[in-house]
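[1] Sequence plus the predicted model coming up.
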Amino acid sequence: MAAASGALCAALLAPAQAASAASFVTISGGGSTWSYTAIADWTANVAAMGMSVNYSPVGSVSGLQEYSGGTADWAASEIPYGVRDGSVSYPPPPTRGYTYVPDTAGAVSFVYNLHIGGTQVTNLRLSGAVIAGIFTNQITLWNDPKIAADNPGLTLPAEPITPVVRSDASGSTGAFTQWMLATQPSSWTAYCAVVGRAPCTQTFAYPVQPGTTMVGQAGDLGVTGYVRQASAEGAIGYTEYSNALSTGLPVAKVLNAAGYYTAPTPGNVGVSLLSAQINTDTTSPLYQTEDLSQVYTDADPRTYELSYYSYMIVPTDLISPMTTDKGYTLGAFGQYLLCQGQQQVDSFGYAALPVNLVEDGFTQLLRVPGNQLPAVLSTNLQNCNNPTMSNGSDILASTAPMPAACDAQDTTQCTAVTTAGSVQITVSVPVSGSLTVTVAPGTVDMPEQGSTPPTTAIGTLNDVTVTDTRNTDPGWIVLGQMSSFTGIGSPAATIPGDQLGWTPTAVSPLVGGATLGPAVAPGTSPGLGDGGQVLASAASGQGVGTNTISADLVLDIPASTPAGPYSGTLTVTYLTAGL
């Protein structure tokens, strides 16, 4: 392998004290199955930064219960504590402190199995009144005039509608029924009376009306699995958009307040949630939870009314099992998910959190004991690499696409898109970027510890910053080697370089798959004086980005060492497959 290298030096003086710093520790959480795909991606990514974050997709209710019982450090849920579901507070708030941080955004979507003359319908449009009519058993045939009014380009068949609902508790049911209660109150109130729900609130487990074609299924996969059956012609169910995408089922466009039928795309969901409000009433059991009333009435043509988001539930006190180190880790993990973690969520069927929810998320993370985020909110936002923002300001409202003219109400709907063929396109991307490694200037003073030989001296290595912008991804390795310490004014007196040991540390969370080298104990062989020891490295295909590394230094001073000051040089070398 053709190798390129560079060497940089830092002087060490033996008999600066290492500043105390929090450490990443393992944090464990559980809850939402909807958010699991995103959370699994985030936990895998932060593992490369030295964070160990465990998560179990046990469902929102179980996650809340685990947090309340102290068996989880954090939780994820679409269902908040203390929300009313009929006559029940479901589930009750815990005794330990908590708050809500937005984590994933998405939407309730409507998947269906419908054909006209053997051809699958893929461009169905539905108004809110029609959706409420279908899921309260008031509209029971696909050729109903109200459905026809939404779909002037389709001649729908005279076949029964089979509404498919969630039979188990779910955030999607809560969001769907909350939307019906707010926008179609007469339909939902009448349905409550039919199925015997009093008081008539939103619900998280959909009540199935006996004697109708309505079918209850457990889980998102239960709903979509039922709808996609060949024998389920005429079925329509609701599910999170992330689940709908994975099934290949068509998704209905829904009429919004601006008079456009829109799909639950990431752009439409993100624009919608720019209007989301936060409950700021500290006396309310729903303090810090979402208020979507303005989402439902937003006159932006791009909005998708059934947009909503999930919560990360984090502690606000040090009641067991909470510690300040866990708070430090939770703060760093929360920062990652609000910013860099939102870069890829669109591909999973979610929508990147817009700036208002990111701002609220940081506001709540700053309440976590032990967090080490910047105390100034604007600093967190400006440093946030979220795709909906630039320098802490919203860009989504100006970049999300507008709906097509044929999506407007009272127009013939857009025709379904079919694939006519494919064309292979090739492009050659030139080699670009560079690798730079710098050592912060200055001398490291290592004060002696103890008064009786043998003694030790400790210090902290100057920051070593590795910046790799190469698009060839060859990887890199940074090494350190210590010369002998020579007595200042006494050339004959030395301390071998192997008497110096180190423990590499990350000044900030590592990125790009970089990893720290192993600790090297002082006085061992091979030690820092016997050849280059690894400070940090990145394997081939990794390491892109900026990583700042340091090390805790320990020098064992032999008992026979003459008194006096000593000086030596630690040389930092870097290797790569090509600069």
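    All right, it came through fine. Numbers count the residues shown, from 1 in each chain.

[2] For the rest of this, base every contact and every neighbour count on C-alpha atoms.
    Fine.

[3] If you count contacts, what does the lengthiest helix in the chain end up packed against?
    Using DSSP state H to assign secondary structure, the helix with the most residues in the chain is helix 324-338. On a contact count with 3 or more CA pairs under 8 Å, 6 or more residues apart in numbering; DSSP states H and E, helix 324-338 meets strand 27-31, helix 36-47, strand 99-112, helix 355-365.

[4] Average pLDDT for the shortest one, rounded please.
    Spelled out, it's strand 27-31. Average pLDDT, strand 27-31: 96.

[5] Dump that strand to PDB, keeping only the CA atoms.
    C-alpha atoms of strand 27-31 as PDB (Å, rounded to 0.1, in the frame of the first residue of the first chain):
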ATOM      1  CA  ILE A  27     -28.300   4.200  28.600                       C
ATOM      2  CA  SER A  28     -31.300   1.900  28.000                       C
ATOM      3  CA  GLY A  29     -34.800   2.800  26.700                       C
ATOM      4  CA  GLY A  30     -37.800   1.200  25.100                       C
ATOM      5  CA  GLY A  31     -41.200   2.000  23.700                       C
END
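
[6] Parallel or antiparallel, list what pairs with it.
    strand 53-56 (parallel), strand 74-77 (parallel) (DSSP bridges).

[7] can you redo these as TSV with mean pLDDT and mean neighbour count?
    Shown next, in TSV, are those (pLDDT from 0 to 100; neighbours: other CA atoms under 10 Å):
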stretch	mean pLDDT	mean neighbour count
strand 53-56	96	19
strand 74-77	97	30
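
[8] closest to Leu64 out of these?
    strand 74-77 (6.3 Å; CA to CA).

[9] what's the spacing between the closest one and its chain's center?
    12 Å (CA atoms, centre = their mean, to the nearest Å).

[10] what's downstream of it, the next helix or strand?
    Following strand 74-77 in sequence order, the next helix or strand is strand 84-85 (DSSP states H and E).

[11] who touches that following strand?
    90, 201-204 (CA atoms under 8 Å, 6 or more residues apart in numbering).

[12] next one: that strand to chain centre, how far?
    Counting by CA atoms, centre = their mean, strand 84-85 comes out at 28 Å from the chain centroid.

[13] try stretch 209-224
    On CA atoms, centre = their mean, the centre of stretch 209-224 falls 30 Å from the chain's centre.

[14] I figured Ala72 was touching Gly31, is that so?
    No: between Ala72 and Gly31 there is no contact under CA atoms under 8 Å: 9.8 Å.

[15] Quick check: buried residues in the longest helix of the chain?
    Using 16 or more other CA atoms under 10 Å as the test for burial, helix 324-338 gives 324-338.

[16] how much space between the residue most central in space within the chain and Asn471?
    Per CA atoms, centre = their mean, the C-alpha nearest to the average position across the chain is that of Leu337, at 3.2 Å. Distance check for Leu337 against Asn471: by CA to CA, to the nearest Å, it reads 25 Å.

[17] now do Tyr566
    Relative to Asn471, and taking CA to CA, Tyr566 is found at 44 Å.

[18] Can you show me the helices along this structure?
    Under DSSP H, the chain gives helices at 36-47, 60-68, 128-134, 145-150, 171-183, 185-195, 219-227, 241-247, 266-273, 293-297, 324-338, 355-365, 377-382, 396-399.

[19] by contact count, what packs against the shortest one?
    Taking 3+ CA pairs under 8 Å, 6+ apart as the contact definition, the neighbouring helices and strands of helix 396-399 are helix 266-273.

[20] Which residues are in contact with the closest residue to Tyr36 other than its chain neighbours?
    Nearest residue to Tyr36 in three dimensions, chain neighbours excluded: Pro57, at 6.0 Å (CA to CA, 6 or more residues apart in numbering). With contact taken as CA under 8 Å, 6+ apart, Pro57 is in contact with 30-33, 36.

[21] so which of the residues you listed comes closest to Pro185?
    Ser32 (27.9 Å).

[22] quick one on the thing from earlier: looking at the helices of the chain, which is closest to Leu528?
    Judging these by CA to CA, what sits closest to Leu528 is helix 36-47, at 27.5 Å.

[23] what's around Thr388, how many residues?
    26 (other CA atoms under 10 Å).

[24] Number the chain from 777, please
    OK, 777 is where the count begins now, so the last one is Thr1164.

[25] residue contacts, it?
    1128-1131, 1170-1172.

[26] Likewise for Tyr831?
    804-807, 815-816.

[27] Switch these over to a markdown table; also include distance to Thr931.
    Below are the contacts of Tyr831 laid out as a markdown table (distance: CA to CA, whole Å):
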| residue | distance to Thr931 |
| --- | --- |
| Ser804 | 53 |
| Gly805 | 50 |
| Gly806 | 47 |
| Gly807 | 43 |
| Ile815 | 43 |
| Ala816 | 44 |
